Every structure is written in structure tokens, then in C-alpha cells.
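Colleague: Output the structure for:
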Amino acid sequence: MNNTFTFSLKRVCFDENYRPSDNTRITTNFANLARGRRRQDNLRNALQMIDNRFNALAYWDNISGDRYSAKLEIISVDIDVEGNGCTFPTIEILKTNILDRKTNTTIEGIVGNNFSSYVRDYDFSVILSEHNKDRDQFSIPNDFGDLHGKMFKAFVNSDVYKESFSKLPVICLSVSENKTYQRTENQHPVLGFEYQPNSASLTEQYFQKMGLQVRYFMPPNSVAPLAFYHFGDLLNDYTNLELISTISTMETFQKIYRPEIYNANAVAGRVYQPNLKHQDHSLTQIEYDREERNHLAAQQGKFVEENFIKPYHNILQQWSANCAL
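Modeller: Residues are numbered from 1 along each chain as shown. As a prediction, the model looks like this:
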């Protein structure tokens, strides 16, 4: 029995010339931008939005507002279950780096940011759907997310992660549409005001099995809070520039994909409930088909079931049962 899986990394520059690989989930934020007739315009506009937001947040010693530029890498993680060289695409995350034009140096940013996972597609679009198919009331299987969580923790604890990255990941997601968030008095100079949810969301519970805790902050001049999933101490383990690299990148994606929340024309109040049917919002100049994306997620879940879960079922079950992470 193989008690450890082997992970391998591939890095691809995310710029206006980016084209998704065959193994990339086509619903992933950055891959979705790189599709269709306006793919290059989409990418160029998104990258400019990221840089503009970065410089607005990093305003000190930045009089002209163009000192910094975010350089993004897509980190693709493959897993070898049997130790025979055959791999399956597991997750994709983003690594930020920061070009400081004033000093002509590159500063390391944060790894994580966006989170794309084939096994998560399987959990949400296959397992959760089948579990609730004939039920009157929605429920969650007891072991929901166990395998995925242990795989993620195994990756973060792996030699390849420790050799590649100096800090633990931070993943930045949208707030949940069916939760209410209340603003606290806690304010960070870059992350902004902290918000507290009225209860834990399914996403929170799922990411908790990955070893991640969550805090919600609305950065300065934002209109809605973001969810920051992290290990350790979010406020003290990362520099202001590192945090800005995550905010500028992920807020840009959310403005494109969830404009009703993150490009709304009104700012979240002390008590805030997100609403994807909110009409008072502005659209970016970037094309995006949300309905297609939802449809493709179900296809990807089936792909995982046929090409990973079923072929390796016994190995995955034994590994998960014996995994101490």
C-alpha cells in the first residue's frame, strides 16, 4: 500500500498570450477569460484592472500610481497515486509576483488566490447531487470533502510545495449568497473592515476539511467583503504588498464573474447580504457566460468520476482511511 502520493508542479505565465492546457478546468476563472473571440482583449483588460487596483491600494511612495505590476503564474498540480508515473490533474492555483518599477525588482507574492479543483467538482456536482436526489430536505454526507481535504493537506505538506513556496497558501473567494454578514470594528490598513457571517457556509465547512480557516474583509474602496481562506495568522504572516497582490487579483475576477456583488453601485452596509439578482451594478468590458460555466462544472465532475475516482477507488479509500493529516 502506497501511503504517500507524489505531487508534481507545472508553471505557466498568465498574461495576454495565455492559452489553457488540455488538462485545465475550462470553468477556472483565468481559463474562462482565455476563451472565445475576444480572448486576448479579455486577458489584457483583466490584467490592467489588476494593476490599477494594486496601485490604488499600494499608494505610498507611488505618486504616479503606476509603480507596481502584478505578474501571475498558474500553478498546476498533478498527483501520482500509484507511483508509476501516471498522473491526474488535481488542483490549479495562482502565484502572484510583484514587479516594482521604482527599484526594478520582483517581490514574491502569495500562492493560492484562485482555487480550482477537479475533485471538488466531483464532490459538489456528483456526490452532493446524488445524495440529495430523493430527499425532501437538503443534507450533506458525513464524509463529504474528506478525501479532497486530505489530498490538499498532503500537497501543502509535501516536499514539492515546501521547495517551491516560502509561505502557506491564501485562497480568496466570494461571499456566500445565502448568508448575512455584519461589519465589525476591526479594521486592517489593507484588508479593510472585517465582517462576521451569521453562520458557517457549506464552502466554509468544505475548506475547513482542507485545514483552512476563513476571515471576511472588505478592502478600502471595495463594495463587498471577500472571503480569505488561510492557515496561521492572516494579518501578521503576510506583508501588505503580498495581501494587495491577492486582493487586486481576486477582486478583479469577482468584478468580472460576480458583478452583481463586486461591481455593485452601492457599498455594503453594516449588515450585508449578497444577492446575485441585484440589478444596480456595472458590467466590465469582458465577455463571460455564467450559464455555460455552471453547465461545464457538472461535466467536469463526471470526468473526475470516470477517470480518477472509479479507477483508483480502492487505493483512494485505503489512503484516506490511513491518512493522519
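
Colleague: mind listing the helices for this protein?
Modeller: For the chain, helices defined by DSSP state H occupy the ranges 29-33, 39-57, 118-122, 128-131, 146-156, 159-164, 202-208, 240-257, 259-262, 290-304, 313-322.

Colleague: Same list, those helices, but as JSON lines with distance to F7 and mean pLDDT please.
Modeller: Quick note: C-beta positions are derived from backbone N, CA and C, even for glycine. Shown next, in JSON lines, are the helices of the chain (distance: least, Cβ to Cβ, whole Å; pLDDT from 0 to 100):
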{"stretch": "helix 29-33", "distance to F7": "21", "mean pLDDT": "65"}
{"stretch": "helix 39-57", "distance to F7": "28", "mean pLDDT": "92"}
{"stretch": "helix 118-122", "distance to F7": "13", "mean pLDDT": "90"}
{"stretch": "helix 128-131", "distance to F7": "26", "mean pLDDT": "88"}
{"stretch": "helix 146-156", "distance to F7": "5", "mean pLDDT": "95"}
{"stretch": "helix 159-164", "distance to F7": "5", "mean pLDDT": "96"}
{"stretch": "helix 202-208", "distance to F7": "19", "mean pLDDT": "94"}
{"stretch": "helix 240-257", "distance to F7": "23", "mean pLDDT": "95"}
{"stretch": "helix 259-262", "distance to F7": "32", "mean pLDDT": "93"}
{"stretch": "helix 290-304", "distance to F7": "17", "mean pLDDT": "74"}
{"stretch": "helix 313-322", "distance to F7": "13", "mean pLDDT": "90"}
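
Colleague: will you turn those helices into JSON lines that also has mean neighbour count?
Modeller: Output for the helices of the chain, formatted as JSON lines (neighbours: other Cβ atoms under 10 Å):
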{"stretch": "helix 29-33", "mean neighbour count": "23"}
{"stretch": "helix 39-57", "mean neighbour count": "19"}
{"stretch": "helix 118-122", "mean neighbour count": "23"}
{"stretch": "helix 128-131", "mean neighbour count": "14"}
{"stretch": "helix 146-156", "mean neighbour count": "21"}
{"stretch": "helix 159-164", "mean neighbour count": "12"}
{"stretch": "helix 202-208", "mean neighbour count": "17"}
{"stretch": "helix 240-257", "mean neighbour count": "24"}
{"stretch": "helix 259-262", "mean neighbour count": "20"}
{"stretch": "helix 290-304", "mean neighbour count": "15"}
{"stretch": "helix 313-322", "mean neighbour count": "13"}
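
Colleague: Need the ones you listed in JSON lines (columns: distance to E185).
Modeller: Compiled in JSON lines, the helices of the chain are given as follows (distance: least, Cβ to Cβ, whole Å):
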{"stretch": "helix 29-33", "distance to E185": "32"}
{"stretch": "helix 39-57", "distance to E185": "21"}
{"stretch": "helix 118-122", "distance to E185": "34"}
{"stretch": "helix 128-131", "distance to E185": "37"}
{"stretch": "helix 146-156", "distance to E185": "33"}
{"stretch": "helix 159-164", "distance to E185": "36"}
{"stretch": "helix 202-208", "distance to E185": "22"}
{"stretch": "helix 240-257", "distance to E185": "20"}
{"stretch": "helix 259-262", "distance to E185": "23"}
{"stretch": "helix 290-304", "distance to E185": "35"}
{"stretch": "helix 313-322", "distance to E185": "42"}
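
Colleague: To P225, which of those helices lies closest?
Modeller: Between P225 and the helices of the chain, the tightest spacing by Cβ to Cβ is seen for helix 259-262, at 9.5 Å.

Colleague: Tell me which residues are up against the closest one.
Modeller: With contacts defined as Cβ atoms under 8 Å, 6 or more residues apart in numbering, helix 259-262 is touched by 174-175, 222-224, 251, 254-255, 274-279, 281-284.

Colleague: Would you mind telling me which of the helices of the chain is nearest T6?
Modeller: Closest of these to T6 is helix 159-164, at 8.3 Å (criterion: Cβ to Cβ).

Colleague: Output the closest one as CSV - backbone C-alpha positions only.
Modeller: Written as CSV, here are the backbone C-alpha positions of helix 159-164 (Å, rounded to 0.1, in the frame of the first residue of the first chain):
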residue,chain,number,x,y,z
ASP,A,159,8.4,18.4,-0.2
VAL,A,160,7.5,19.8,-3.6
TYR,A,161,5.3,22.5,-2.0
LYS,A,162,8.0,23.4,0.6
GLU,A,163,10.7,23.5,-2.0
SER,A,164,8.6,25.8,-4.3
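
Colleague: And the contacts of it?
Modeller: Residues from elsewhere that reach helix 159-164, judged by Cβ under 8 Å, 6+ apart: 7-9, 75, 155.

Colleague: Try it again at 10 Å.
Modeller: With contact meaning Cβ atoms under 10 Å, 6 or more residues apart in numbering, helix 159-164 is reached by 4, 6-9, 11, 75, 77, 95, 111, 154-156, 158, 168-169.
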